[in-house]
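A.B. asks: give the three-dimensional model of this entry:
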Amino acid sequence: MFNFPVDGAARWLLVALLAVWAGLLIGGLLLGKPDAGRRNRLPRPLRMALSVTLLVAALIWWQAGTAGTPLDRFGLWIVVGMAFGLLGDIFMAGLIVPKPKNVIFGILAFGAGHILYLLAFRQAATVLGLNSGPVWLWSWVIYLAAAALLWLLLVREPSRGPVLNYSTLGYSLVLAVMAGAAMALALQDAAFVLLAVGGLLFMVSDLVLGSELMRRTHFPSIGDVIWTTYTVAQMLIVYSSAAALAGLLLPR
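C.D. replies: Numbers count the residues shown, from 1 in each chain. Okay, the predicted model is just below:
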C-alpha cells in the first residue's frame, strides 16, 4: 500500500504529506495538553489540519495517479468523499452550525462521504475484476448485522428521541456497507488489507462517538480515541489508491 506507483514530484509530495500527517497526529498526542474536560489532547486546529492534509493527498493521488486511467472515477470519488469528511469535521466542531443541530449535519456529511467511498470501491472492483458475488454478499451481511447489534448495545438511547436514534442507526448501516465493501476487496486481493483495516477503524471511531453523543459515555481522552481511529481510517482509505494502481499493473 505504501509502495507508491506514481512518478516524479507527486511521489515525494505524497510521502511528505504522509509524514506531515503522522507528525501532526503523533506530536499532538504526545505534546498536547488535555483540555478542561479531559476529552482531547489534540486541539481543534490540529484536528482540522489532519483532514486538510489528507484531502490534499487525495487530490494528488487522483491527478497524478488515477486520472486518465480506468481508475479515474475511483480517485475522484475518494477526493469528494474526503472533502465531505472534512465538511463533517467542520460541522461536528460547531464551526458552521451551532450545537446540537451540528450533529445531524455532521451525520449527513459523513454519510455522503461513505457513499462516495462505496462508489470508489465498487469502481475498483469492476476495473480489477474483484467481483465475487458471494464475497460481496457475505461481507455486507456480516458487517450490517454487526453494525445493527453494536448500535443496539452501545449507541441506542430512547431518551434522546427518535430522530437522533434513527439517524445514528441509518448512519451506522451506511458506514457498515462501506466498510463491508472494503473487506470484500481485501478478501479477494491482499493488497487491500489496510483498506479493510481502515473500514473497521471507522466503525470503531463512530461507535465510540455515537456512544458519547447518545449515552454520554466518557473516559479521559475519549476525543483522542475517536479522532485517532478516525484519521487513521481516512488515511488508509486515501492511500488505498496505491493498492488500486498497483493492481492495475498486474496481469489479469
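A.B. asks: by mean pLDDT, which helix or strand of this structure comes out lowest?
C.D. replies: helix 241-249 (a mean of 89; mean pLDDT, DSSP states H and E).
A.B. asks: any weak-confidence spans in the stretch 51-200 of the chain?
C.D. replies: Applying pLDDT under 70 to the stretch 51-200 of the chain flags no residue at all.
A.B. asks: pretty sure Leu130 sits against Ala190.
C.D. replies: No: Leu130 lies out of contact with Ala190 (C-beta atoms under 8 Å); the separation is 11.4 Å. Quick note: C-beta positions are derived from backbone N, CA and C, even for glycine.
A.B. asks: which one's more surrounded, the two?
C.D. replies: Leu130 (20 against 11; other C-beta atoms under 10 Å).
A.B. asks: now do the SS call for that one.
C.D. replies: Secondary structure state of Leu130, per DSSP: H, G, I helix; E, B strand; the rest coil, is coil.
A.B. asks: that one - nearest residue in space that isn't next to it in sequence?
C.D. replies: Gln188 (4.3 Å; C-beta to C-beta, 6 or more residues apart in numbering).
A.B. asks: run a quick neighbour tally on the one you found.
C.D. replies: 18.
A.B. asks: dump the least confident helix or strand of the chain to PDB, keeping only the CA atoms.
C.D. replies: Once non-C-alpha atoms are left out, helix 241-249 reads as follows in PDB (Å, rounded to 0.1, in the frame of the first residue of the first chain):
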ATOM      1  CA  SER A 241      -5.000   4.400  -4.300                       C
ATOM      2  CA  ALA A 242      -1.600   2.800  -4.100                       C
ATOM      3  CA  ALA A 243      -3.100  -0.700  -3.900                       C
ATOM      4  CA  ALA A 244      -5.600   0.100  -6.600                       C
ATOM      5  CA  LEU A 245      -3.000   1.400  -9.000                       C
ATOM      6  CA  ALA A 246      -0.700  -1.500  -8.300                       C
ATOM      7  CA  GLY A 247      -3.500  -3.900  -9.100                       C
ATOM      8  CA  LEU A 248      -4.000  -2.100 -12.400                       C
ATOM      9  CA  LEU A 249      -0.400  -3.000 -13.400                       C
END
